[in-house]
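A.B. asks: Give me coordinates for this.
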Amino acid sequence: MPKLARLLVLGTLLLSAAALRAAATTDPETEYRALFALARAQLPAGLQADEVAKIGWFQRRKTELHTRGAAFRAQHPAHPLRWDVLVLLRYGGEERVRISRRGFRQLLPVPESLADWNRFYFAELEALLAAPDAGAAAREEALRQLIDHTARSALGNPAAAPAAISRVGAWLGTYETEFPRSGRILLLYHAYTDLLDAAAPEQCIRYLADLERRYPRDESLDREVRKLVAGHRRVMEAQALPLDGLWQQLRSFDPVRGDPSRYRNQVVLVAFGPVTYETFMDSLEDLHAQYASQGLVILQVVSFNQAVGLPPEPEQRLHLERVVAARKWPWPILWNPAGHMTLVAQWGFNTVPARMLLGRDGRLVPDRHSPYSVLIPRELARAPDSR
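C.D. replies: Numbering: from 1, shown residues only. Purely as a prediction, here's the structure:
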């Protein structure tokens with residue numbers, strides 16, 4: 001693709017004269033702080049119920065962040081902070097408004113544009129790692145993003161997994177050397193362990209044992225790593241053993257809807273997500289429309305979102321009740337007041353959302369990282385207790 005065409009597709013390096021003038025008249029440190037604040041800005045509470053206004057706010061924030069960020073990097077091509085600005089631009093590419101099956105709007109990336117952006121952006125992150133003037137904060141964030149993206153991208157692509165395991169393992173070793181005992185390393189261990197679990201289960205078992213050996217102290221990070229190890233082992237064992245521990249928790253949320261006897265000999269998608277993660281809910285509508293008539297049962301666990309600045313738990317629960325009343329979902333919904341990550345981390349997950357597909361025998365399906373377009377029809381076609 002010609003350079004100019006690529007810039008047009010990415011949509012962030014086509015700079016207006018106004019943006020360049022703004023970057024030129026603001027000192028780099030001040031502009032970086034403004035960009036950092038913009039990247040961390042939260043949706044105003046007053047826009048939560050207005051779909052059009054909410055989507056407009058996200059679009060304006062992304063456009064401003066990418067335009068000003070690209071202007072900064074063009075105006076200050078030798079300033080060390082250009083790398084700190086780069087890592088703020090993780091989510092690029094064109095987006096479009098999609099109307100869900102029930103008439104609700106959601107903002108989704110255009111796949112081709114997102115792929116173009118990712119190729120450009122992650123190559124830039126690798127250039128960052130090779131740059132002698134990149135600061136520690138930028139290097140840490142670049143490593144984190146490279147590890148997470150590369151590991152997740154290879155989960156459903158067995159051919160890419162061996163190379164991804166090698167690259168992610170090398171980056172993770174660099175991260176451990178440069179940022180020893182960083183609390184953020186937990187997310188990277190999750191990503192790498194998921195990749196190993198999907199592509200090299202025996203290596204995953206050895207890696208979990210190695211993590212357990214390397215984090216024996218009675219300190220917060222060590223305890224969290226050991227919880228991670230226990231969660232991943234538990235979810236691997238769930239392919240062969242009943243999920244009694246999970247059902248015990250679901251029954252505590254609702255003794256009727258969380259009763260496993262209601263779902264015996266059925267294929268069940270247990271879907272976990274925070275109440276404010278609406279794209280997750282729209283995707284469930286799509287799965288229901290596609291597979292419910294063939295026998296798929298959805299059990300949704302909606303959790304309190306503990307993010308700073310969001311309403312307290314009772315208000316979020318009321319928000320869920322309003323959403324359910326408006327969308328008229330036909331599947332059972334459980335409310336988890338303790339928070340999404342608190343629940344799913346017990347089963348080796350660190351993602352938003354998280355999903356567990358259970359076969360007719362009540363066990364977690366094997367090769368659970370494969371696409372649902374493969375897993376769900378396969379499980380629906382199985383006779384009870386065929387595994």
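
A.B. asks: How is the protein divided into domains?
C.D. replies: With domains defined by automatic domain parsing, the chain comprises 3-235, 244-381.

A.B. asks: Need those in TSV (columns: mean pLDDT).
C.D. replies: Formatted as TSV, the domains of the chain follow (pLDDT from 0 to 100):
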stretch	mean pLDDT
domain 3-235	88
domain 244-381	88
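
A.B. asks: export those to CSV and tack on mean neighbour count?
C.D. replies: Backbone N, C-alpha and C define where each C-beta goes, glycine included. Output for the domains of the chain, formatted as CSV (neighbours: other CB atoms under 10 Å):
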stretch, mean neighbour count
domain 3-235, 16
domain 244-381, 17
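
A.B. asks: Helices of the stretch 201-350 of the chain, start to end?
C.D. replies: Remark: helices assigned in the stretch 201-350 of the chain by DSSP state H, counting those that start in this stretch are 201-214, 220-237, 244-253, 278-291, 313-327, 340-344.

A.B. asks: Remind me what the first one packs against, helices and strands.
C.D. replies: Read it as helix 201-214. Under the contact criterion of 3 or more CB pairs under 8 Å, 6 or more residues apart in numbering; DSSP states H and E, helix 201-214 touches helix 185-199, helix 220-237.

A.B. asks: Dump those to TSV, plus distance to residue 143.
C.D. replies: Shown next, in TSV, are the helices and strands packed on helix 201-214 (distance: least, CB to CB, whole Å):
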stretch	distance to residue 143
helix 185-199	8
helix 220-237	17
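
A.B. asks: Tell me which of those sits nearest to residue 363.
C.D. replies: helix 220-237 (9.7 Å; CB to CB).

A.B. asks: Contacts for the closest one next, please.
C.D. replies: 181, 183, 185-186, 189-190, 193, 197, 201, 204-205, 208, 211-212, 214-216, 245, 345-349, 364 (CB atoms under 8 Å, 6 or more residues apart in numbering).

A.B. asks: switch to 7 Å and redo it
C.D. replies: Residues from elsewhere that reach helix 220-237 (CB atoms under 7 Å, 6 or more residues apart in numbering): 181, 183, 186, 189-190, 193, 197, 208, 211-212, 215-216, 345-348, 364.

A.B. asks: Stretch 179-186 too?
C.D. replies: 140, 144, 175-176, 221, 224-225, 228.

A.B. asks: for that stretch, the distance to its chain's centre please.
C.D. replies: 19 Å (CA atoms, centre = their mean, to the nearest Å).

A.B. asks: thinking again about what came up before, which stretch among the helices and strands packed on helix 201-214 comes nearest residue 277?
C.D. replies: helix 185-199 (17.3 Å).

A.B. asks: Excluding sequence neighbours, find me the nearest residue to residue 152.
C.D. replies: residue 191 (6.5 Å; CB to CB, 6 or more residues apart in numbering).

A.B. asks: show me what contacts the one you found?
C.D. replies: For residue 191, the contact set (CB under 7 Å, 6+ apart) comprises 147-148, 151-152.

A.B. asks: mind listing which of the residues you listed are in helices?
C.D. replies: 147-148, 151-152 (DSSP state H).

A.B. asks: Pipe the residues you listed into JSON lines and attach distance to residue 310 per row.
C.D. replies: Listed next are the ones in helices among the contacts of residue 191 as JSON lines, based on distance: CB to CB, whole Å:
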{"residue": "147", "distance to residue 310": "28"}
{"residue": "148", "distance to residue 310": "23"}
{"residue": "151", "distance to residue 310": "28"}
{"residue": "152", "distance to residue 310": "25"}
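
A.B. asks: out of the residues you listed, which one sits closest to residue 314?
C.D. replies: Of the ones in helices among the contacts of residue 191, the one sitting nearest to residue 314 (CB to CB) turns out to be residue 148, at 33.3 Å.

A.B. asks: quick one, what contacts that closest one?
C.D. replies: Contacts of residue 148 (CB under 7 Å, 6+ apart): 187-188, 191.

A.B. asks: Report how far apart the opening and closing residues of stretch 98-115 are.
C.D. replies: 19 Å (CA to CA, to the nearest Å).

A.B. asks: Off-centre distance for it?
C.D. replies: Worked out by CA atoms, centre = their mean, stretch 98-115 lies 17 Å from the chain centre.

A.B. asks: contacting residues around stretch 357-367?
C.D. replies: Contacts for stretch 357-367 (CB under 7 Å, 6+ apart): 235, 238-240, 242-243, 260, 265-270, 356, 368, 375-376, 379, 382, 384-385, 387.

A.B. asks: cutoff 6 Å now
C.D. replies: Stretch 357-367 is contacted from outside by 238-239, 242, 265, 268-269, 356, 375, 379, 382, 384-385, 387, using CB atoms under 6 Å, 6 or more residues apart in numbering.

A.B. asks: what packs against the helix ranked longest in the chain?
C.D. replies: In the chain, ranked by residue count with DSSP H as the criterion, the top helix is helix 51-75. Judged by 3 or more CB pairs under 6 Å, 6 or more residues apart in numbering; DSSP states H and E, helix 51-75 is in contact with helix 17-25, helix 28-40, helix 81-86, strand 105-109.
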